[in-house]
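Asker: After the sequence you'll find the predicted model.
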Amino acid sequence: MTHIPFRPLRFVMFSAKSAQHLLAGAPPPLPLIVLLGAITAIGPLSTDMYLPAFPTLDKELEGGGPGSAQFTLATWFAGLAVGQFSCGPLSDRFGRRAPLIAGLLVFTLASIGCATTSDFHAFCLFRFLAALGGAVGAVVPRAFVRDIATGRDGARIMTQLTLVFGAMPILAPSLGGAVLTFGSWRWIFWIAVLYGVAGILAVYLMLPDTLPLSRRVPLHPAAILNRYINLLGEPNFVLNAIIASAGTFVTFAYLGGAPVVFEHLIGFTPMQFALFFGVNAATFILCNQISGKLVQRVPVETLMQRGVAACASAAALFLLLTVLHVATPGHPALVAVLIMMTTGTLGFVGANATVLAFHHHGAQAGSASALLGTMQFSIGAISGVLMGYMPTSSIIPMAFVMGIGALMMVVADVLRKRLCAPVTA
C-alpha cells in the first residue's frame, strides 16, 4: 500500500521538515513546549476546575443526589485509565499527531455533552467519554519527548512540560470558582470545549509527527499485549515507573488530607487554604525547574536519587514530629513547611524517573507512556482510598500515608541500583 505523506498547508508553523530537525537533535522551540505542556494539563484542568461546582452538581443533576458529583469524578478517572491503555498503542501505530487530534476531538464533543445535559447518568457517560479522549494528554506528549530526546536532554524538556502542567492545579480551582461567581457550572465545560478546540487547531498547525514510519509497530491485540508484557518484564522500566508512581501516591495523600488538616483541624479559611495550596504548588514547580537546570551538569540518575532521598527524609521528619506531637494544628506554619518539603522535593523525582523509565523503549514510547500513566493513576488511587478510611481527628494519618509513598520510592530506588545497569545520561 502506497504511503501518502502528510503535506501541511503553507501556514503550518512546523512541518515534516521540522520533525526531521527535532529527530536530528535540534532543541524544540518554546511554542512547541508550551503546546505540549498545555495538552498534558488537560487532566488536571478538567479535574480541578469543576471541583468548586460539586455542591451545585449534587443539586441540579436530575437522577443524582448527595455525593453524585463524586461519582462523576470517579467516572472521569475510570475513563483516563481505560483511555491511556488504548491511546498508547494507537500512537505507536499511527504516529503522534493523528491520535492526539482524534482524542482532543472526542474530549471536545463530550465536553459539549457535559455542558448541555441535565441528566446525571448522561453526564457521567459524557465525562467518561471526555476522559477517554483527554487521556491522549497524559500519553502522547511524553512519547513525543522520548521520540526526540533521551537522557539529560529528555529530562530538561520533561521539566519544561511540567512547568506548564504544574501551573494548572494553582489556576484551575480559582478559575472554576470565578466562573461560578459570575455564571452557571455549565460554563466550566464550555471553557473545556474552547480549550479542546484551541488544542486541535494548535496541534494541526504546530505539531510535527516525530514517529517515522519505519518505527511504527503493528496494531494487533497480541502485539499490544506482548509490548506491555515486555515492559513489565524490564526492571529498569518497572522500578523507575514505581518511583514515579510512588511520587503520585505521596501527592494524592496530600491532596486527600490537606483539606481536612488545614480547613477542619487548623481552621484555615478557603482563601488561606487556596494561598497555601498555590505556594505549595509553586514550591514543586521551583524544584522541578531547578532540576531542569542542574540536569545539564548532574546525571539524571543522581538528581532522581537525591530527590528520592530528600523526599523520604522530609516525610520521615513530618511523621516523627506529628507522632511526637510537635507538628500539631497549633503550629500551622511548621505543618505547612514540612508538607512543602515533602511534596516540593518531588520536583526532582517525577520527570527524571519518567525519562529513565523510557530510556530503552524509544520504539514503543506510546505504550510505555500509557503503562506508566496507568501505574501512576492506579497506585495514586490506592493512596486516595487509604486517606478515605483514615480518621480525621489528627494530622498523623496524612503524614503516615505520605510516608508510605516515600518508603515505596526508597525501596524501588534501592532495587533499581541493584538490578539495573546505570543509565549513562
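Answerer: Okay, I see it.

Asker: Where does pLDDT dip in the stretch 201-350 of the chain?
Answerer: 270 (pLDDT under 70).

Asker: Residue 159 - how many residues pack around it?
Answerer: For residue 159, the neighbour count with other Cβ atoms under 10 Å is 27. (Glycine included, C-beta is placed from N, CA and C.)

Asker: From residue 95, how far out is it?
Answerer: For residue 159, the distance to residue 95 equals 25 Å [Cβ to Cβ, to the nearest Å].

Asker: now swap in residue 415 and tell me
Answerer: According to Cβ to Cβ, residue 415 stands 35 Å off from residue 95.

Asker: Tell me which of these two has more neighbours.
Answerer: residue 95 (24 against 15).

Asker: looking at it, that one is touching residue 215, isn't it?
Answerer: No: in terms of Cβ atoms under 8 Å, residue 95 does not count as a neighbour of residue 215; the distance is 9.5 Å.

Asker: ok now do the nearest residue to residue 249 once chain neighbours are set aside, which residues does it touch?
Answerer: Closest residue to residue 249 apart from its sequence neighbours, by Cβ to Cβ, 6 or more residues apart in numbering: residue 405 at 3.5 Å. Contact analysis of residue 405 by Cβ atoms under 8 Å, 6 or more residues apart in numbering lists 246-247, 249-250, 253, 315, 383.

Asker: With distance to residue 148 as new columns, can those be given to me in TSV?
Answerer: Below are those laid out as TSV (distance: Cβ to Cβ, whole Å):
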residue	distance to residue 148
246	27
247	24
249	30
250	30
253	34
315	34
383	33
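
Asker: are any of these buried, and which?
Answerer: Neighbour-count burial (16 or more other Cβ atoms under 10 Å) applied to the contacts of residue 405 gives 246-247, 249-250, 253, 315, 383.

Asker: And those residues, which is closest to residue 189?
Answerer: Nearest to residue 189 out of the buried ones among the contacts of residue 405 is residue 383 (Cβ to Cβ; 27.7 Å).

Asker: didn't that closest one look like it was pressed against residue 253?
Answerer: Yes: counting by Cβ under 8 Å, residue 253 is a contact partner of residue 383 at 4.6 Å.

Asker: center of this structure, which residue is that?
Answerer: Most central in the chain under Cα atoms, centre = their mean is residue 138, positioned 6.1 Å from the mean C-alpha point.

Asker: Look up the closest residue to it, ignoring the ones flanking it.
Answerer: Nearest in space to residue 138, with sequence neighbours left out and distances taken as Cβ to Cβ, 6+ apart, is residue 373 at 4.5 Å.

Asker: What's the local residue count around the one you found?
Answerer: 28.

Asker: How about the contacts made by the residue lying closest to residue 316 once chain neighbours are set aside?
Answerer: The spatial neighbour of residue 316 that comes closest, neighbours along the chain excluded (Cβ to Cβ, 6+ apart), is residue 403 at 6.6 Å. With contact taken as Cβ under 8 Å, 6+ apart, residue 403 is in contact with 315-316, 318-319.

Asker: which pair in those spans the largest distance?
Answerer: Largest pairwise distance in the contacts of residue 403, by Cβ to Cβ, is 7.2 Å, between 316 and 318.

Asker: quick one, which of those two is more surrounded?
Answerer: More neighbours surround residue 318 than the other of residue 316 and residue 318, with 26 against 16 (other Cβ under 10 Å).

Asker: and the residue nearest to that one when sequence neighbours are not counted, what element?
Answerer: Excluding the flanking residues, the one nearest residue 318 by Cβ to Cβ, 6+ apart is residue 338, at 4.1 Å. If you go by DSSP states H and E, residue 338 is part of helix 332-344.

Asker: That helix packs against which elements?
Answerer: The contact analysis (3 or more Cβ pairs under 8 Å, 6 or more residues apart in numbering; DSSP states H and E) places helix 332-344 against helix 235-258, helix 270-294, helix 300-323, helix 396-419.

Asker: right, and the ones you listed - which one's nearest residue 58?
Answerer: Closest among the helices and strands packed on helix 332-344, using Cβ to Cβ: helix 270-294, at 18.2 Å.

Asker: Would you mind pulling the contact partners of the closest one?
Answerer: Residues contacting helix 270-294 (Cβ under 8 Å, 6+ apart): 155-156, 159-160, 162-163, 166-167, 169-170, 173-174, 254, 258-259, 262-263, 268, 303, 307, 336, 339-340, 343-348, 350-352.

Asker: Ok, stretch 70-87 next?
Answerer: Stretch 70-87 has contacts (Cβ under 8 Å, 6+ apart) with 43, 46-47, 54, 57, 64, 99, 103, 120, 123-125, 127-136, 138-140, 366, 369-371, 373-374, 377-378, 381.

Asker: domains of the chain?
Answerer: Split into domains by automatic domain parsing, the chain comes to 13-207, 223-419.

Asker: Show me which of the contacts of residue 405 is closest to residue 393.
Answerer: Checking the contacts of residue 405 one by one against residue 393 (Cβ to Cβ), the nearest turns out to be residue 253, at 17.0 Å.

Asker: Next up, the contacts around that closest one.
Answerer: 383-384, 386-387, 398, 401-402, 404-405.

Asker: at 10 Å what do you get?
Answerer: Residues in contact with residue 253 (Cβ atoms under 10 Å, 6 or more residues apart in numbering) are 315, 342-343, 380, 382-384, 386-387, 390, 397-406.

Asker: before we move on, what about residue 417?
Answerer: Residues near residue 417 by Cβ under 10 Å, 6+ apart: 239, 301, 305.

Asker: Distance-wise, check the closest residue to the last one other than its chain neighbours relative to residue 234.
Answerer: Put plainly, it is residue 305. Once flanking residues are discounted, residue 305 sits nearest to residue 413: 6.2 Å by Cβ to Cβ, 6+ apart. Look at residue 413 and residue 234: by Cβ to Cβ, they are 17 Å apart.

Asker: Show me what counts as buried in stretch 212-232.
Answerer: Within stretch 212-232, the residues that count as buried by 16+ other Cβ under 10 Å are 217, 224, 227-228, 231.

Asker: sorry, that was for stretch 58-65
Answerer: Across stretch 58-65, burial judged by 16+ other Cβ under 10 Å covers 58, 60-61, 64.

Asker: do stretch 92-107 as well
Answerer: Neighbour-count burial for stretch 92-107, with 16+ other Cβ under 10 Å as criterion, is recorded at 92-97, 99-107.
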